[in-house]
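J.: Need the 3D shape of this:
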Amino acid sequence: MTIRQQKILEAIIKEYVDNSQPVSSRILAQKLGLSSATLRNEMMELERSGYLLKPHTSAGRVPTEKAYRIFISSLENRGAKVLEKTNKQSSEDIFEKHFNYLFEQIGEEETKVFIGKEIPLVRTKKYTLIVTGFRTSNKKHEVVGLLGPTRMRYDYNISLINKLREMLEDYE
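T.: Sure, this is the predicted structure:
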């Protein structure tokens, strides 16, 4: 993926998260200062690569799980703590086993992001789970998380969950 395609994909994700509507080349042209034709060509390539979907012929594009994963990785490169897919257990496990597995996977001061089918508690494409671990003042290991739609403001929510972890660690 080219740098320009990465910037276009990031702009599409942010626009889609903010407005919940397929993103058109016209909207991106205003934001990025590129021609609509250039954007349509790049968006078509991103669609071929599996990063975007076009809900119907006259619609703009929407990001896929693959696009959100790239976006999360770019946040990681900017200093946010996130994770790659870790849950490979079968779907026949009961809720409690999934919860215990999740609890065991989250270390202290570690934030992980599970997107769609990666979530060990819920088997769906529609949600994202952001979790973080911390140690309380009485030295007990705890986990706190945020479950929301896949279409969310990842940068804001990861910062929010990390701030909550800091507050809970300091709480006596």
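J.: what residue of this structure is the furthest out?
T.: Asn138 (32.2 Å; C-alpha atoms, centre = their mean).
J.: Could you check how far that residue is from Val131?
T.: The spacing between Asn138 and Val131, counted by C-beta to C-beta, to the nearest Å, is 21 Å. For glycine as for every other residue, the C-beta is placed from the backbone atoms N, C-alpha and C.
J.: now swap in Lys117 and tell me
T.: In terms of C-beta to C-beta, Lys117 sits 16 Å off from Val131.
J.: more crowded one of the two?
T.: More crowded of Lys117 and Val131, by other C-beta atoms under 10 Å: Val131, with 24 against 15.
J.: Just to check, Gln6 is in contact with Ser74?
T.: Yes - counting by C-beta atoms under 8 Å, Gln6 touches Ser74, with 7.1 Å between them.
J.: Now the element after the helix or strand bottoming out on mean pLDDT in the chain, going C-ward?
T.: Least confident helix or strand of the chain, by mean pLDDT, DSSP states H and E, is helix 95-105 with a mean of 66. Downstream of helix 95-105, the first helix or strand assigned by DSSP states H and E is strand 111-115.
J.: what lines up beside that next one in the sheet?
T.: Sheet pairing of strand 111-115 (DSSP bridges) gives strand 127-135 (antiparallel).
J.: Could you tell me how far the partner strand lies from the centre of the chain?
T.: 12 Å (C-alpha atoms, centre = their mean, to the nearest Å).
J.: Likewise for stretch 37-53?
T.: 20 Å.
J.: got the CA coordinates for that stretch in PDB?
T.: Provided in PDB are the C-alpha atoms of stretch 37-53 (Å, rounded to 0.1, in the frame of the first residue of the first chain):
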ATOM      1  CA  ALA A  37     -10.700  11.100 -10.300                       C
ATOM      2  CA  THR A  38      -7.400  10.300  -8.500                       C
ATOM      3  CA  LEU A  39      -9.300   9.400  -5.400                       C
ATOM      4  CA  ARG A  40     -11.700   7.100  -7.200                       C
ATOM      5  CA  ASN A  41      -8.800   5.300  -8.800                       C
ATOM      6  CA  GLU A  42      -7.100   4.900  -5.400                       C
ATOM      7  CA  MET A  43     -10.300   3.900  -3.700                       C
ATOM      8  CA  MET A  44     -10.900   1.300  -6.500                       C
ATOM      9  CA  GLU A  45      -7.400  -0.200  -5.800                       C
ATOM     10  CA  LEU A  46      -8.100  -0.200  -2.000                       C
ATOM     11  CA  GLU A  47     -11.400  -2.000  -2.700                       C
ATOM     12  CA  ARG A  48      -9.500  -4.600  -4.800                       C
ATOM     13  CA  SER A  49      -7.100  -5.100  -2.000                       C
ATOM     14  CA  GLY A  50      -9.900  -5.800   0.500                       C
ATOM     15  CA  TYR A  51      -9.700  -2.600   2.500                       C
ATOM     16  CA  LEU A  52     -12.900  -1.000   1.300                       C
ATOM     17  CA  LEU A  53     -16.400  -2.100   0.300                       C
END
